[in-house]
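1. would you be able to build a 3D model of this:
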Amino acid sequence: MDMHAHDRRRFLAIGAAAAASAAPLLTACGAGFGDGTGKGDGSAADDVTGSFDWKRAEGRTVKALLNKHPYTDALIADLKAFTEKTGIKVEYDVFPEDNYFDKLTVDLSSGRASYDVFMLGAYMVWQYGPPGWLEDLGPWMRNSSATGAEWDQADFFPNLLASDQWSLKAGAPLGQGGQYALPWGWETNVVAYNTEVFKKLGLKPAETFDELREMAGAITRRAPGAGFDGMYGVAVRGSRSWATIHPGFMTMFARGGLKDFTVEGGKLKPAMNSPEAIAFTRDWAEMVKKGGPPSWTSYTWYQCSSDLGAKKAGMLFDADTAAYFQAVKGASPASGKIAFHPGPKGPDGSLATNMWIWSLGMNAKSRNKSAAWLFLQWATGKEHLSKGAIEYNHIDPVRKSVSQDPAYKDKMRAIPGFIETFETVVDQTKIQFTPQEQFFDATTSWAAALQEIYGGKNASSVLNGLAGDLASKVG
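-> Model prediction:
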């Protein structure tokens with residue numbers, strides 16, 4: 001589930017302080033992190049030789065830090081299979097997300113290595129990678145003594161694997177440099193809608209942003225007269241948090257060919273104040289005013305999801321998981337009456353889609369890397385992920401083979417449009433933001449600007465002010 005809408009101010013403060021304290025360590029370590037070669041950086045992967053053997057770390061214990069999540073439930077339920085396969089025990093701590101990243105940041109910055117492996121979002125690579133807290137997994141992946149052939153790297157959707165690979169240089173594209181985490185479970189951002197209200201009002205899913213805006217307002221005006229008291233048009237996030245920007249807003253922003261930053265002369269330059277971006281942001285705020293939730297400025301994924309399930313929202317433009325868990329049989333008043341659609345195309349037909357991706361990483365300070373790599377290999381392998389998708393709720397597979405498994409497809413066909421939407425957008429889904437260490441601060445400020453525009457302030461003035469402020473921080 002898309003559980004990452006909480007305020008990150010504490011996380012940012014801790015991360016900034018820890019990054020500053022880590023600066024001398026980085027100088028001492030020298031170059032080598034993130035070059036992707038696996039050579040000359042003293043990778044522990046080089047110590048693994050001979051034939052691949054699942055039992056090579058038998059008797060060891062791996063310590064994992066996990067976020068409370070349906071993916072975690074599937075992992076814990078299957079740990080016995082990992083121990084039987086490897087002889088490795090797994091000890092784990094699970095924390096709710098409102099303090100999970102605080103816990104992880106403090107542990108990584110301390111260098112204590114209390115945990116060998118952990119969950120992280122791909123955006124967190126931009127925070128944790130530069131200080132040298134994350135193990136580059138590239139050398140492990142390339143070492144046939146460390147990695148079994150059945151792991152099959154080519155089976156991952158390449159855009160998902162690329163989301164955790166970065167050169168650690170601000171503004172540099174993803175998919176180059178070190179592999180600092182592995183994709184485990186992800187969410188694409190699309191439109192889910194109430195089929196009952198659409199049928200009564202004679203509506204079809206919007207194919208353009210203008211249609212979406214008009215439809216959101218029409219549902220708000222007309223739904224009460226059709227028996228849907230209190231229903232509004234479209235649920236989208238609005239709280240003062242980075243998480244407000246990344247789902248529906250950033251997806252539609254990217255489909256319009258817009259950029260958050262550009263790179264000029266080797267420096268980042270804010271671009272969310274281009275004339276086209278200003279116009280889009282003004283239109284988005286207007287859509288929310290006329291067709292969004294009345295208390296929009298407090299809305300996180302949870303309120304958006306709940307409103308769709310409670311028949312308070314006619315549509316949701318957010319993580320597919322936020323709708324899925326309302327759509328399954330018996331889950332909510334709207335279950336059985338929720339369908340999926342890729343959402344509006346951009347002016348040139350683009351279905352560029354932003355994503356959230358839960359990943360698994362290894363602590364660069366771990367003293368148990370060989371066993372930790374076996375755990376990561378198993379947790380992202382075909383056997384476990386297939387079980388997670390079919391028996392549990394890994395609803396967006398990171399592996400192509402799992403997405404094509406007949407048993408998985410049969411399960412997901414119970415939700416109208418889910419499989420078709422997934423297959424339509426999967427190859428066009430990636431992280432649409434520009435990688436940089438100030439990501440959380442920048443997007444939280446962007447969300448605050450969006451609230452100001454929603455409140456009636458001039459979009460051009462607000463976004464120009466935001467761009468000026470960010471230019472001094474990221475330049």
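2. for the strand or helix carrying L450, buried residues please.
-> Taking DSSP states H and E as the definition, L450 sits inside helix 439-454. By 16 or more other Cβ atoms under 10 Å, the buried positions in helix 439-454 come out as 439-447, 449-454. Every C-beta, even on glycine, is put in place using the N, C-alpha and C of the backbone.
3. what about the residue nearest to A449 when sequence neighbours are not counted, which helix or strand?
-> Of all residues not flanking A449 in the chain, L466 sits nearest, at 4.6 Å (Cβ to Cβ, 6 or more residues apart in numbering). If you go by DSSP H and E, L466 is part of helix 459-474.
4. dump that helix to PDB, restricted to CA.
-> What follows is helix 459-474, C-alpha atoms only, in PDB (Å, rounded to 0.1, in the frame of the first residue of the first chain):
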ATOM      1  CA  ALA A 459       0.400  31.000  -9.600                       C
ATOM      2  CA  SER A 460       3.200  32.800 -11.500                       C
ATOM      3  CA  SER A 461       4.300  34.800  -8.400                       C
ATOM      4  CA  VAL A 462       4.200  31.700  -6.100                       C
ATOM      5  CA  LEU A 463       6.100  29.400  -8.500                       C
ATOM      6  CA  ASN A 464       8.700  32.000  -9.400                       C
ATOM      7  CA  GLY A 465       9.300  32.600  -5.700                       C
ATOM      8  CA  LEU A 466       9.600  28.800  -5.100                       C
ATOM      9  CA  ALA A 467      12.100  28.500  -8.000                       C
ATOM     10  CA  GLY A 468      14.200  31.300  -6.700                       C
ATOM     11  CA  ASP A 469      14.300  29.800  -3.200                       C
ATOM     12  CA  LEU A 470      15.200  26.300  -4.500                       C
ATOM     13  CA  ALA A 471      17.900  27.600  -6.900                       C
ATOM     14  CA  SER A 472      19.900  28.800  -3.900                       C
ATOM     15  CA  LYS A 473      19.600  25.400  -2.200                       C
ATOM     16  CA  VAL A 474      20.300  23.000  -5.100                       C
END
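5. residue contacts, K369?
-> 44-45, 116, 135, 362 (Cβ atoms under 8 Å, 6 or more residues apart in numbering).
6. apologies, that question was intended for L268.
-> Contacts of L268 by Cβ under 8 Å, 6+ apart are 170-171, 261-262, 434, 436, 474-475.
7. any idea how far the residue nearest to D46 when sequence neighbours are not counted is from E207?
-> In space, and not counting its chain neighbours, D46 is closest to P139: 6.8 Å by Cβ to Cβ, 6+ apart. Between P139 and E207 the distance is 46 Å, computed by Cβ to Cβ, to the nearest Å.
8. just D307 next, same as before
-> 23 Å.
9. pLDDT wise, what is K473 at?
-> You'll see K473 listed with a pLDDT of 89.
10. in this structure it contacts E437, no?
-> No - between K473 and E437 there is no contact under Cβ atoms under 8 Å: 9.9 Å.
11. the two: who's more crowded?
-> Taking other Cβ atoms under 10 Å, K473 and E437 do not tie; E437 has more neighbours (20 against 14).
12. assess the claim that that one and V125 are in contact.
-> No - the pair E437 / V125 is not scored as a contact, 10.3 Å apart, by Cβ under 8 Å.
13. all strands for this structure, in order.
-> 61-67, 89-95, 117-121, 165-166, 178-179, 182-194, 232-235, 261-264, 267-270, 313-319, 338-341, 355-362 (DSSP state E).
14. of all those strands, which lies closest to K289?
-> Closest approach to K289 among the strands of the chain is made by strand 232-235 (10.7 Å; Cβ to Cβ).
15. give me the contacts around that closest one.
-> Here strand 232-235 has contacts from 212, 215-220, 223, 287-288, 290-294, 299, 303-305, 307-308, 312-318, using Cβ under 8 Å, 6+ apart.
16. ok, now with 7 Å
-> 215-217, 219-220, 291-293, 304, 307-308, 312-318 (Cβ atoms under 7 Å, 6 or more residues apart in numbering).
17. between P139 and E207, tell me which one has more neighbours.
-> P139 (23 against 14).
18. ok, that one to G42 distance?
-> 10 Å.
19. so how far is the first residue of stretch 214-230 from its last?
-> Stretch 214-230 stretches 18 Å from its first residue to its last (Cα to Cα, to the nearest Å).
20. the helices in the stretch 301-450 of the chain, which residues?
-> Applying DSSP state H, counting those that start in this stretch to the stretch 301-450 of the chain gives helices spanning 301-309, 320-327, 369-379, 382-391, 400-403, 406-412, 418-425, 439-454.
21. could you pull out the buried residues of stretch 422-433?
-> 422, 424-426, 429-433.
22. and if you look at stretch 278-288?
-> Those would be 278, 280-288, for stretch 278-288 by 16+ other Cβ under 10 Å.
23. can you list the residues you listed in a markdown table and add distance to G87 and pLDDT?
-> Conversion of these to a markdown table gives the following (distance: Cβ to Cβ, whole Å; pLDDT from 0 to 100):
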| residue | distance to G87 | pLDDT |
| --- | --- | --- |
| I278 | 59 | 98 |
| F280 | 55 | 98 |
| T281 | 55 | 98 |
| R282 | 60 | 98 |
| D283 | 58 | 98 |
| W284 | 54 | 98 |
| A285 | 57 | 98 |
| E286 | 60 | 98 |
| M287 | 56 | 98 |
| V288 | 54 | 98 |
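24. so which helix or strand of the chain has the lowest pLDDT on average?
-> helix 23-29 (a mean of 29; mean pLDDT, DSSP states H and E).
25. quick one: low-confidence residue ranges for the protein.
-> Along the chain, segments meeting pLDDT under 70 span 1-41, 475.
26. please repeat the previous calculation with a cut-off of 80.
-> Applying pLDDT under 80 to the chain flags residues 1-42, 475.
27. spatially central residue for it, please.
-> Residue closest to the average C-alpha location in the chain (Cα atoms, centre = their mean): W356, at 1.3 Å.
28. verify the stated contact: that residue with A319.
-> Yes - between W356 and A319 a contact is recorded at 6.3 Å, counting by Cβ atoms under 7 Å.
29. residue contacts, R240?
-> Per Cβ under 7 Å, 6+ apart, neighbours of R240: 444, 447-448, 451.
30. ok so, going back, gap between the residue nearest to the centre of the chain and S461?
-> When W356 is compared with S461 (using Cβ to Cβ), they lie 31 Å apart.
31. residues contacting F340?
-> F340 touches 190, 192, 320, 323, 415-418, 421, counting by Cβ under 7 Å, 6+ apart.
32. just list whatever residues bridge to it.
-> For F340, the beta-bridge partners are A192 (DSSP bridges).
33. how close does it get to A310?
-> Taking Cβ to Cβ, one finds F340 at 18 Å from A310.
34. before we move on, what about A331?
-> 11 Å.
35. quick check: end-to-end length of stretch 102-117?
-> 16 Å.
36. list the buried residues in it.
-> In stretch 102-117, counting by 16+ other Cβ under 10 Å, buried: 102-105, 107-109, 113-117.
37. now the terminal residues of stretch 170-182, how far apart.
-> 21 Å.
38. buried residues in it?
-> 170-172, 174-175, 177-182.
39. related to what we said a few turns ago, farthest-apart pair in the buried residues of stretch 278-288, please.
-> Among the buried residues of stretch 278-288, I278 and V288 lie farthest apart (Cβ to Cβ), at 16.2 Å.
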